[in-house]
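> starting from these lines, generate the structure:
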Amino acid sequence: MNKVSVVVLSLFLGACSSLDSQSNFADSVADVQPKGGYIQVTGQSYVAESKANVGADILKSSLYFTYNKEITQNSAPESSITMDVSYFQSYKEYETVSFFGKTIDLEERQLPRESCSEHCTKTQYIKFPLSEADIQQARKKNLEFTLDGQNSVMSTTFIVPKAYIDTIYNGANNHTAIAVAPVAVPVAAVVAEEPKASQAQEMVNYWYGQATKEEQAAVTDWAFKNRKNATPTSLEGSKEIEMVSYWFNKLNSEEKSQTMIWLLEQE
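Numbers count the residues shown, from 1 in each chain. Presented below is the predicted three-dimensional model:
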């Protein structure tokens, strides 16, 4: 398959995956991601019904709802509507969004894109936040919002069905129980106490710790070679390694085995 075919196929599949007002909203959730302290649910792309209040109708649009469900206090970013909207090019752009009795500035995700063939069009990439109160209201009576340009030279109203918002909202809450499920506390097992180290073992450990890395390697090599020798020749050199060999020679066979394991673990 050549590159052109791949691109066309990708665009075709992308268009088919978008929901609209006639869709089954049970399939509204695109992704659920546990984050640090919250759960993020991203909705499928949705093509909202639109109506031009001032100016021409838009050419096309798509949006998706992201719901961030807080698990631990003050950990979740704001939930939001992310949107692309295309229209015949003008010198004005959408700057504000109004819904539920308030008006706020739009966040520009990236610079608008312009393209010209027979006509010139512009696409804006925008985003605006939804509070928990906004979401609860949208679950009851749809999310109706209006995009306005500067001086109201263009104004368009969009409607997002409450079923779309509600399904994504519930997608987060269905996963919350998993995220906050208490961890079972294991029953404490009875662990046999390790036998207390003898004075000779403690002194071997102490003087070994005082030695340099090179001396420690020499001690381990010497102890390994003399592990079966009841009376090995003591190491000579620094005070530290002489004391290690002195106390090592005072260990019984079981203590020597334990100390050999300990020495090898220090490597």
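> what packs against the helix or strand hosting Thr42?
Taking DSSP states H and E as the definition, Thr42 sits inside strand 38-43. Of the remaining helices and strands, those touching strand 38-43 by 3 or more Cβ pairs under 8 Å, 6 or more residues apart in numbering; DSSP states H and E are strand 29-34, strand 60-70, helix 162-180. (Glycine included, C-beta is placed from N, CA and C.)
> C-terminal to the second one, what's the next element?
Heading C-terminal from strand 60-70, the first helix or strand you meet, by DSSP H and E, is strand 79-88.
> about what we covered before: which of the helices and strands packed on strand 38-43 sits closest to Ala218?
Set against Ala218 and scored by Cβ to Cβ, the helices and strands packed on strand 38-43 come closest in strand 29-34, at 51.5 Å.
> buried stuff in the closest one?
Val29, Ala30, Val32 (16 or more other Cβ atoms under 10 Å).
> pLDDT averaged over that strand - what is it?
Taken as a whole, strand 29-34 has an average pLDDT of 91.
> got it, and stretch 89-103?
For stretch 89-103, mean pLDDT rounds to 92.
> circling back: tell me which of the helices and strands packed on strand 38-43 sits most buried.
Across the helices and strands packed on strand 38-43, averaging neighbours per residue (mean count of other Cβ atoms under 10 Å) puts strand 60-70 on top, at a mean of 21.
> can you list the residues that contact it?
18, 30, 35, 37-48, 50, 76-86, 130, 135, 158, 160, 164-165, 168-169, 171-173, 175-176 (Cβ atoms under 8 Å, 6 or more residues apart in numbering).
> can you give me the angle that strand makes with strand 29-34?
Per axes from the mean of the first three to the mean of the last three Cα atoms, to 10 degrees, the angle that strand 60-70 makes with strand 29-34 is 30 degrees.
> and the nearest residue to Asp57 once chain neighbours are set aside, how far from Lys102?
Closest residue in space to Asp57, ignoring its immediate chain neighbours: Ser50 at 7.2 Å, by Cβ to Cβ, 6 or more residues apart in numbering. In this view, Ser50 and Lys102 are 20 Å apart by Cβ to Cβ, to the nearest Å.
> compare the two (neighbour count), which wins?
The neighbour comparison of Ser50 against Lys102 (other Cβ atoms under 10 Å) goes to Ser50, with 15 against 9.
> so what strands line up beside the helix or strand Glu114 falls within?
Counting by DSSP H and E, the element that carries Glu114 is strand 107-116. Looking at strand 107-116 with DSSP bridges, its partner strands are strand 120-130 (antiparallel).
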